[in-house]
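[1] Sequence and predicted structure are below.
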Amino acid sequence: MSMFADIPVDVGVIYEGERIRWQDAQLEFGGPRVEHKFELVRVRNLDEVEDGKITIIGPDIKDLEKKSYPLGIYIEVAGKELDEEIEGVIERRIHEYVNYIEGVMHLNQRYDIWIRISRRSFEKGLNSLIYIGKVLQRLFKSELPIIEKIQITFITDPEKVKEKFKEAMETYERRDARARGLKDEEVDAFYGCTLCQSFAPTHVCVITPQRYSNCGAISWFDGRAAARVDPKGPIFRIDKGECIDPLKGEYAGVNQIVMSKSGGEIQRVWLYSAFGYPHTSCGCFEAVAFYIPEVDGFGIVHRGFTENTPIGLSFSTIADSTAGGRQVDGFHGISIEYMRSPKFLQADGGWERVVWVPSVILERVKEFIPKDLVDKVATEKDAKTVEELKQFLIARGHPVVKRWEARAAEEAAKAAIEEAKPAPPAIAASTPTAELTVPVSVGAGGFRLILKNVKIHAKRVRIVRVKEK
Ligand code: SF4
């Protein structure tokens, strides 16, 4: 039975994390095939909001066939204690509450939403956005009582979505800009978020003034406001504690809380590095920084990029090997706003280590990249393979080229030292060099080492069993 008698499907936390494959879907809104989609919350005066009102501009679910459609979810709220600062926090809850609905999957945030309705739930009667609006209104008012009035407009008319999309983008930019300028060193507390644990159980976002949340939807100010209005919610305060390493961004208080919130899985976090103990990556990050060993630099690819990167992999393949709440050395889920931060991958060399970025993203963050580097970072227009990338970096004199030279010099010095060592005693011509098979028994199965055409000289060999911890 449904939690709400007038909603044809069930609603509850158990449906969070439910995945709906395309073959099981009735239709989808947003997602990679659709250019314009958004969700936006605005705070209004009490007399500007008609509580309980739900409007649909354009066709409803029941009028549409199995395809991908544009969608705008425009929510206006009012309450004596509400102010603009809380808009981002309320907006991020749309993800959580929509996912409570049986047979509805909501992914991502802001301008990047992706909603699928399952055929099964459609057949049960979930054939109108009005039902989704009703669930949202009830959950928002019961979970966040500071919302006194709420009205929701769903826009599916492609032209109207496009029109409102502009307002949404301007509002996001205004929010992000408010958080710029404040430094991590200037605050006593960071904020944490575990909203994505339904998809990535060990993921804990650490939101600092200079490291925006992975989804790009929660700033430090949003975190502070959320922890204040909903202290038992998924966003909480983190007392920084002792700064263990200012370059890498390691804090005792962060380690402690991440360890407890990840069930002991994550023990340390380096906030400003993609190596060692990088910040965990959930699944709704806006972009991924991926290490390219051949050039000793980072590529960055965002969710909206549909071509392959120079390493021959697409965003979704790279995202799959990054996501899930893990710390993957060299693969790092990030927000676009973090790319504007002076702390961006600071421990790894920051922008001096970034070699490839899709052109639309480069355009969005360009004014935050050191001036002398902007033309040295390749885009898909400059390099489609690692070889083309190498040529581009050499031609533009990118700082990573100096790293290659330093590495080559180091390797040459090592080789010279090796060469200067006295030669080992000559081996008798009669030494047998035939194939040798050494059976090695490990556990029940064991394996064989096959040594072909090798010469091994050893005074003594000891094979020691390593005890399992
Ligand atoms: S990405 Fe981070 S901040 Fe954003 S909803 Fe998920 S856990 Fe919260």
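    That came in fine, so what should we check first?

[2] alpha carbons only for contacts and neighbour counts from here, please
    OK.

[3] Give me every residue in the stretch 201-350 of the chain lying close to the ligand.
    Val204, Cys205, Ser213, Asn214, Cys215, Ala217, Ile218, Cys284 (Cα under 6 Å from any ligand atom).

[4] Now, those residues that are in strands?
    The strands, defined by DSSP state E, take in Cys205 from these.

[5] Just name the lowest-scoring one in the residues of the stretch 201-350 of the chain next to the ligand, pLDDT-wise.
    Note: of these, the lowest pLDDT belongs to Cys284, at 88.

[6] My read is that that one contacts Cys215, right?
    Yes - look at Cys284 against Cys215 with Cα atoms under 8 Å: they come within range, at 5.4 Å.

[7] about what we covered before: what is the most widely separated pair among the residues of the stretch 201-350 of the chain next to the ligand?
    Spatial extent of these (Cα to Cα) is set by the pair Val204 and Ala217 at 14.7 Å.

[8] Between the two, which is the more surrounded one?
    Taking neighbours as other Cα atoms under 10 Å, Val204 and Ala217 compare with Val204 leading, 28 against 22.

[9] Apart from its chain neighbours, what residue comes closest to that one?
    Leaving aside its sequence neighbours, Val204 sits nearest to Thr194 (Cα to Cα, 6 or more residues apart in numbering; 5.2 Å).

[10] What residues does that neighbour make contact with?
    His203, Val204, Cys205, Pro234, Ile235, Lys261 (Cα atoms under 8 Å, 6 or more residues apart in numbering).

[11] buried residues in the helix or strand encompassing Glu418?
    Assigned by DSSP states H and E, Glu418 belongs to helix 399-420. The neighbour-count criterion (16 or more other Cα atoms under 10 Å) identifies Pro399, Val400, Val401 as the buried residues of helix 399-420.

[12] Could you measure from the second one over to Lys124?
    Distance from Val400 to Lys124, counting by Cα to Cα, to the nearest Å: 58 Å.

[13] repeat for the last one
    Counting by Cα to Cα, the gap between Val401 and Lys124 amounts to 60 Å.

[14] so Lys343 sits in a helix?
    No - using DSSP: H, G, I helix; E, B strand; the rest coil, the assignment for Lys343 is coil, not a helix.

[15] so it makes contact with Gln210?
    Yes - between Lys343 and Gln210 there is a contact at 6.3 Å, judged by Cα under 8 Å.

[16] thinking Asn99 is in contact with Asn108, fair?
    No - between Asn99 and Asn108 there is no contact under Cα under 8 Å: 11.4 Å.

[17] Compare these two (neighbour count), which wins?
    More neighbours surround Asn99 than the other of Asn99 and Asn108, with 25 against 20 (other Cα under 10 Å).

[18] Check the spacing between that one and Arg116 real quick.
    Asn99 sits 10 Å away from Arg116, going by Cα to Cα.

[19] Identify the contacts common to the two.
    The contact sets of Asn99 and Arg116 overlap at Met105, His106 (Cα under 8 Å, 6+ apart).

[20] wait, Gly283 sits on Ala323?
    Yes - using Cα under 8 Å, Gly283 is in contact with Ala323, at 5.0 Å.

[21] and for the two, which residues touch both?
    Shared contacts of Gly283 and Ala323 (Cα under 8 Å, 6+ apart): Ala200, Gly333.

[22] what residues are shared contacts of Cys284 and Cys215?
    Here Cys284 and Cys215 have Asn108, Gln109 as joint contacts, going by Cα under 8 Å, 6+ apart.

[23] This structure: helices as residue ranges?
    For the chain, the helices defined by DSSP state H occupy 87-99, 119-124, 129-143, 158-179, 220-229, 252-261, 315-320, 359-365, 386-396, 399-420.

[24] So for stretch 156-168, mean pLDDT?
    97.

[25] Could you shift the numbering so residue one becomes 4, and keep it that way?
    With 4 as the first residue, the last one maps to stretch 159-171.

[26] can you list the residues of the stretch 54-203 of the chain near the ligand?
    Counting by Cα under 6 Å from any ligand atom, the stretch 54-203 of the chain sits next to the ligand at Cys196, Thr197, Leu198, Cys199.

[27] Most neighbours among the residues you listed, which one?
    Among these, Cys199 has the most neighbours (other Cα under 10 Å), with 24 neighbours.

[28] For the ligand, what is the nearest residue in the stretch 4-153 of the chain?
    Distance from the ligand to each residue of the stretch 4-153 of the chain (Cα to the nearest ligand atom) is smallest for Arg95, at 6.5 Å.

[29] okay but that residue is in contact with Ala220, surely?
    Yes - under the criterion of Cα under 8 Å, Arg95 makes contact with Ala220 at 6.8 Å.
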